[in-house]
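Asker: Quick one: sequence and predicted model below, then my questions.
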Amino acid sequence: DTGVSQNPRHKITKRGQNVTFRCDPISEHNRLYWYRQTLGQGPEFLTYFQNEAQLEKSRLLSDRFSAERPKGSFSTLEIQRTEQGDSAMYLCASSSRQVPPRDEQFFGPGTRLTVL
Amino acid sequence: QQQVKQSPQSLIVQKGGISIINCAYENTAFDYFPWYQQFPGKGPALLIAIRPDVSEKKEGRFTISFNKSAKQFSLHIMDSQPGDSATYFCAATGRKLIWGLGTSLAVNP
């Protein structure tokens, strides 16, 4: 399977705990995106990497959120001191400007976070 | 400010009918307009996309109509099937995707 993969698929945690999610993009894609989606809403942009550089962060991304893409391949999204309002589906997508189809974002299956 | 406005919010269609979802955008710098299909508990999947130099694109039962002067584009699903029941999102992008709020489509058997 050469699509975008995300782990874990589901995470249940208690308020105040830290969680980390992983995204493995399509191998030839240099762009990686994180989104958050709550029930009945469209995905909300969180942050974006081109290779290992984090080029943009949404104002939605508070100081408790941090994302890394250390070698320009997989990425991690960490949420510290989780709150119930963090409960959502966290989606990862990847794309490439060089590899056709250009700019098309391919999404992973998401990680569903539930904060109790 | 919603840069991509999508309507209707929900849609019920009989099997075999035509489903039509409309979107309007504001930013003339947008240069790529994808539609995504999302089933419950799954990530969005790219359905069909169009660039502004083309007025229509058809892939199987799915057609995008694009009106650059009106800054509007729409998705038509011909011969709608119960398996098409999902949430559909339009989007537009320059550097990053700007999403519509989604349309929940139900196709009755």
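Answerer: Looks like it came in fine. Numbering: from 1, shown residues only, chains lettered A, B, ... in the order given.

Asker: in the sheet, who's paired with residue 5?
Answerer: I'll assume chain A. Taking DSSP bridges as the rule, A:Ser5 bridges to A:Asp24.

Asker: Hmm, no, I was thinking of chain B.
Answerer: Those that pair with B:Lys5 in a beta bridge, by DSSP bridges, are B:Ala24.

Asker: residue nearest the centroid of chain A?
Answerer: Centroid-nearest residue in chain A: A:Trp34, 3.2 Å away (criterion: CA atoms, centre = their mean).

Asker: That one and A:Ile79 touch, don't they?
Answerer: No - counting by CB atoms under 8 Å, A:Trp34 does not reach A:Ile79; the two are 11.1 Å apart. (C-beta placed from N, C-alpha, C; glycine too.)

Asker: what's in contact with stretch A:34-50?
Answerer: Here stretch A:34-50 makes contact (CB atoms under 8 Å, 6 or more residues apart in numbering or on different chains) with A:23, A:30-33, A:54-58, A:60-61, A:65, A:67, A:69, A:72, A:75, A:77, A:87-93, A:110, B:44, B:89, B:96-97, B:99-102.

Asker: lowest-confidence helix or strand of chain B?
Answerer: Across the helices and strands of chain B, mean pLDDT, DSSP states H and E gives its lowest value to strand B:97-99, namely a mean of 86.

Asker: touching chain A at all, that one?
Answerer: Yes - with CB under 8 Å from any CB of the partner chain as the criterion, chain A is reached by strand B:97-99 at B:Leu97, B:Trp99.

Asker: give me the element A:Tyr48 is part of.
Answerer: Element membership for A:Tyr48 (DSSP states H and E) is strand A:44-50.

Asker: Sheet-wise, list the partners of the least confident helix or strand of chain B with their directions.
Answerer: Strand B:97-99 has the following strand partners under DSSP bridges: strand B:86-93 (antiparallel).

Asker: just to revisit the earlier point, give me the beta-bridge partners of the residue nearest to the centre of chain A?
Answerer: Those that pair with A:Trp34 in a beta bridge, by DSSP bridges, are A:Thr47, A:Cys92.
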